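In: model this:
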Amino acid sequence: MLIQQLLNGLVVGGTFAVFALGFTLLFGVNHILNMAYGSVFMWGAFAGLYAATVFHAPFIVALLVGMLAGGVLSVLLDFVAFRPLRRRHAPEFSYILTSIGASIALVALAQKASNTAVWQFPADTFPVVIHEFLGLQVQRLQLIIVLSALVLVGALIYALYYTGMGRRIRCVAHSEGTAQLLGINAEWVNIQVFFISGALAGFAGVLIGLAFNSVHFLMGEPFLMRAFVIIILGGLGSIAGSLVGGVIIGVVQTLAYAYISSAAADAIAFVILFVIILIRPTGLFGKPGAVMRVQRQ
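Out: Coordinates of the predicted model:
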């Protein structure tokens, strides 16, 4: 049924968007393609799983533990991998190489810690409840994922453009030197951005680990690839673009799986990306001259 597949695509798109939000935020503010973001996402999922399995923590507590773990790990990565490069004004390619190395190390640690096994959340962590309306079926957790994507996009846009913290973040995104002349502690702002980005990764890790009933050391890799497509499609640094791009990719891939073939799903998504970039080189929400900046939506 086409409407059911569209609904499924919306859910998948919300899943992609939740993952891509922190990746987009960090790229827009610090101009870093953080290749270790998928590993932070994976470790956040493991932290939430550990809380739910060992301490029998309820869903909300497991989610908060995953967010805290992702935020702290992201800040540690900044201290170890990115801050030294930032102080030396290293080229952007250096950040990519450093983050790739960090990702390899984090994946290797997770592989050793998990013994390459696929782990699952306890059955009672989140009840499996299916809602039906107009002949359509959707799980409660899927609804939470879609609503989370909408709420997080709205909250990030509000925080960035209508709070003092957001103004400081945008100032640092524009120029750290100018921000420091205005009395803004750029390093503290960077810590906040890395923590928020990591917390979003942990949030996504727990939700997606529950949704797919699977947590393993390679779970971040396929999502990271799709995040690249999403942020380019939506517009570099655009928070709203992450949501729209995620929904487009989710719907397209779901329809391709249902009506064409699973092998063609990724290919069709990249063809659509290619066509849109030909028409809109800066992405759907991108603006000429605003590339690699957090853009006003």
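
In: So which elements touch the lengthiest helix in the chain?
Out: The helix spanning the most residues in the chain, taking DSSP state H as the definition, is helix 2-30. Using 3 or more C-beta pairs under 8 Å, 6 or more residues apart in numbering; DSSP states H and E, the elements in contact with helix 2-30 are helix 37-54, strand 136-139, helix 140-162, helix 164-174, helix 186-211, helix 220-234, helix 239-259. Just so you know, the C-beta spots here come from the backbone N, C-alpha and C atoms, and that holds for glycine as well.

In: Give the burial count for Val18, as a bare number.
Out: By other C-beta atoms under 10 Å, 28 other residues sit near Val18.

In: Wait, it touches Leu147, no?
Out: No - between Val18 and Leu147 there is no contact, the gap being 10.3 Å when judged by C-beta atoms under 8 Å.

In: ok so, going back, specify the angle between the longest helix of the chain and helix 37-54 in degrees.
Out: Here helix 2-30 runs at 110 degrees with respect to helix 37-54, directions being taken by axes from the mean of the first three to the mean of the last three C-alpha atoms, to 10 degrees.

In: Identify each buried residue in helix 2-30, please.
Out: Going by neighbour count (16 or more other C-beta atoms under 10 Å), the buried part of helix 2-30 is 7-30.

In: Tally up the residues packed near Ile249, please.
Out: Using other C-beta under 10 Å as the criterion, Ile249 is surrounded by 29 other residues.

In: pLDDT score for the closest residue in space to it that isn't next to it in sequence?
Out: Once its chain neighbours are removed from consideration, Ile249 has its nearest residue in Ala269; the separation is 5.3 Å (C-beta to C-beta, 6 or more residues apart in numbering). pLDDT, the model's per-residue confidence, is 79 for Ala269.

In: dump the residue contacts of Ala269.
Out: Applying C-beta atoms under 8 Å, 6 or more residues apart in numbering to Ala269 gives the contacts Val229, Ile249, Val252, Gln253, Ala256.

In: Okay, and it sits in which element?
Out: Applying DSSP states H and E as the criterion places Ala269 in helix 262-279.

In: Output that helix in PDB with nothing but the alpha carbons.
Out: As requested, the backbone C-alpha atoms of helix 262-279 are provided in PDB (Å, rounded to 0.1, in the frame of the first residue of the first chain):
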ATOM      1  CA  SER A 262      17.000  -3.200  -2.400                       C
ATOM      2  CA  ALA A 263      20.100  -3.000  -4.600                       C
ATOM      3  CA  ALA A 264      18.700   0.100  -6.400                       C
ATOM      4  CA  ALA A 265      17.700   2.000  -3.300                       C
ATOM      5  CA  ASP A 266      21.100   3.700  -2.600                       C
ATOM      6  CA  ALA A 267      21.700   4.300  -6.300                       C
ATOM      7  CA  ILE A 268      18.400   6.100  -6.700                       C
ATOM      8  CA  ALA A 269      19.100   8.300  -3.600                       C
ATOM      9  CA  PHE A 270      22.500   9.400  -5.100                       C
ATOM     10  CA  VAL A 271      20.900  10.100  -8.500                       C
ATOM     11  CA  ILE A 272      18.400  12.400  -6.800                       C
ATOM     12  CA  LEU A 273      21.200  14.000  -4.900                       C
ATOM     13  CA  PHE A 274      23.100  14.600  -8.200                       C
ATOM     14  CA  VAL A 275      20.100  16.100  -9.900                       C
ATOM     15  CA  ILE A 276      19.300  18.400  -7.000                       C
ATOM     16  CA  ILE A 277      22.900  19.600  -6.700                       C
ATOM     17  CA  LEU A 278      22.900  20.300 -10.500                       C
ATOM     18  CA  ILE A 279      19.900  22.600  -9.900                       C
END
